[in-house]
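> next come a sequence and a model predicted from it.
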Amino acid sequence: MSKITNLPQYPSRILKADVKNLGIVAYDVDNGYPQRMVTLVNACSTAKSAINKLSSFTIGRGFKDVDFYKAYINDKRLTCDKLLRRLSADKSMFRGFAIHVNWNALYQVESVNYVPFEYCRVGDEEMNPGKICVSPLWFVVDSVKRKKITPEDIEAIDRYNPDPAVIEEQVNAAGGWDNYKGQVYWHSDDFESYPLSSIDPVVESVIAEIESDKTTTNNLKNNFQLKTIWVEKGKFEDEREREEHTAEIQKFIGSEGNPVAVVESTDPEGNDIPQLMPFTSALNDKLFEYTDTKVRQKIYRSFEQDGALHSDTRTISFNKDNITSAYTMYNNITQPVRDVFEEVFKEIFTRFKEPINKTDDYTIIPLDDMTAFLNGNTQNAPTNI
């Protein structure tokens, strides 16, 4: 007889909901999941470093075909190489990316543009089926409150489909080529679902590092000094009296003395005597150091990154062999990511209005020459580390 194991239940990281008035499927209940992830990463140096390292290895040394990676792909002088850098940054952060594709009347790709992934939402089946809705205002907070987005702030654009019959149908629905907005190639590592961010499995560790940094900063502001407590007999009439009394005591101790905290004593037997008492912080620096190291290692591990990639001497013995080995291993780990971009660029640019990759080689060169770089030979050294 089989045994049923009761596993703990955890809520989904992303809760989907249709936003009827905007015609989209919300990216979590507040529709601000990617924006929240950006805020967390920007406040966490380890997560930022890990994402940048993943992006750097994805870009490698660029496309093998030099003419292709230098080619302009729109009137803003965006090149294939610059597009790869932007898409790699998004995929490393969000595990998704988006590309805007304009077609001409010959059903050729006229131009290609980068679309920030956090601007994109999937259209719902009622108002915007088969579309990607684009806006920079999904989750914008001003100094007072969150700004309200309206349908006028959103561009609903057809999803990528190179079939000429589909493009013609979309053009007709838009009222002609002059009104046609093109298509968006929207990629998610979680397929048709909104992707979880690359930091999602360790988001608690990211938050822990942020909070630890705040505590360290507060300690620095206080110069790691012991605080002095003034025990006052009886109670203050109001907060203003407390503040004035505290200022007087601090003035008496002097500006170079320890910061003072004032507390009230209410001994029922009336034995309380005003007095100064030293206060020793219970914070343990060694415990903080242990926790910070553990958090950092957990984030590295989530990205499958060796500490050597970050010159982290607390986790590895720092030498040339370790670095070379770490680069070789991470090149292998990130090869499937480069494969994705090679496939996508080939899919789009084989349909470009003019031959843009005459070799038909969309290979991205990995960072594979660390030994030469470490020995000081920078002639063929990687350019994106």
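Good, I have the coordinates. Residues are numbered from 1 along each chain as shown.
> beta partners of the closest residue to Asp124 other than its chain neighbours?
Using C-beta to C-beta, 6 or more residues apart in numbering and skipping the chain neighbours, the partner closest in space to Asp124 is Asp18 (4.8 Å). Using the backbone N, CA and C atoms, a C-beta is placed for each residue, glycine as well. Note on Asp18: beta-bridge partners by DSSP bridges are Val25.
> now swap in Val115 and tell me
Legend: beta-bridge partners of Val115 under DSSP bridges are Ala98.
> for it, which residues are in contact?
Contacts of Val115 were listed using C-beta atoms under 8 Å, 6 or more residues apart in numbering, and they are 98-100, 134, 184.
> over to Val344?
Applying C-beta under 8 Å, 6+ apart to Val344 gives the contacts 99, 185, 187.
> gap between the residue nearest to Asp124 and Lys147?
Separation of Asp18 from Lys147 (C-beta to C-beta, to the nearest Å) stands at 21 Å.
> try Asn74
Separation of Asn74 from Lys147 (C-beta to C-beta) stands at 29 Å.
> same deal with Ser45?
Using C-beta to C-beta, one gets 29 Å for the distance from Ser45 to Lys147.
> what ranges do the strands span in the protein?
Taking DSSP state E to define them, one finds strands in the chain at 18-19, 24-25, 96-103, 109-115, 120-122, 131-134, 155-159, 183-188, 227-233, 260-265, 275-279.
> ramachandran coordinates for the residue nearest to Val19 when sequence neighbours are not counted?
Once flanking residues are discounted, Val19 sits nearest to Ala26: 5.1 Å by C-beta to C-beta, 6+ apart. Note on Ala26: backbone dihedrals following degrees, to the nearest 10 are phi -70, psi 140.
> going forward, count from 40.
In the new count, where the first residue is 40, that last one comes out as Ala65.
> which residues touch Ala65?
Taking C-beta under 8 Å, 6+ apart as the test, what Ala65 contacts is 55-58, 160.
> same check on Ile249?
By C-beta under 8 Å, 6+ apart, the contact list for Ile249 reads 79, 82-83.
> try Leu122
So Leu122 contacts 112, 138, 151, 153 (C-beta under 8 Å, 6+ apart).
> from these, pick the one nearest Thr256.
Tyr153 (35.4 Å; C-beta to C-beta).
> what's around the closest one, how many residues?
The tally of other residues near Tyr153 (other C-beta atoms under 10 Å) stands at 21.
> state the distance from the nearest residue to it once chain neighbours are set aside to Asn141.
Leaving aside its sequence neighbours, Tyr153 sits nearest to Arg125 (C-beta to C-beta, 6+ apart; 4.6 Å). Counting by C-beta to C-beta, the gap from Arg125 to Asn141 is 17 Å.
> who wins for most neighbours among the contacts of Ile249?
Cys83 (26 neighbours).
> now Tyr111: closest residue in space that isn't a chain neighbour?
Nearest residue to Tyr111, sequence neighbours excluded (C-beta to C-beta, 6+ apart): Thr118, at 5.9 Å.
> separation between that neighbour and Gly101?
Going from Thr118 to Gly101 by C-beta to C-beta gives 10 Å.
> do Ile196 as well
Ile196 is 29 Å from Gly101, where distance means C-beta to C-beta.
> what's the answer for Glu343, then?
23 Å.
> more neighbours: which of the two?
More crowded of Glu343 and Gly101, by other C-beta under 10 Å: Gly101, with 20 against 12.
> quick one, phi/psi of that one?
Backbone torsions of Gly101, given as degrees, to the nearest 10, read phi 90, psi -180.
> pLDDT score assigned to it?
On pLDDT, Gly101 comes in at 95.
> check Asp57 too.
Asp57 carries a pLDDT value of 74.
> alpha carbons only: can I get stretch 70-82 in PDB?
Taking C-alpha atoms only, stretch 70-82 is exported to PDB below (Å, rounded to 0.1, in the frame of the first residue of the first chain):
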ATOM      1  CA  ASN A  70       1.300  44.000 -11.600                       C
ATOM      2  CA  GLY A  71       4.700  45.200 -10.400                       C
ATOM      3  CA  TYR A  72       6.700  42.000 -10.000                       C
ATOM      4  CA  PRO A  73       9.600  42.900 -12.400                       C
ATOM      5  CA  GLN A  74       9.900  46.400 -11.000                       C
ATOM      6  CA  ARG A  75      10.000  45.100  -7.500                       C
ATOM      7  CA  MET A  76      12.800  42.700  -8.400                       C
ATOM      8  CA  VAL A  77      14.800  45.500 -10.000                       C
ATOM      9  CA  THR A  78      14.500  47.500  -6.700                       C
ATOM     10  CA  LEU A  79      15.800  44.600  -4.700                       C
ATOM     11  CA  VAL A  80      18.700  43.800  -7.000                       C
ATOM     12  CA  ASN A  81      19.800  47.500  -7.100                       C
ATOM     13  CA  ALA A  82      20.000  47.400  -3.300                       C
END
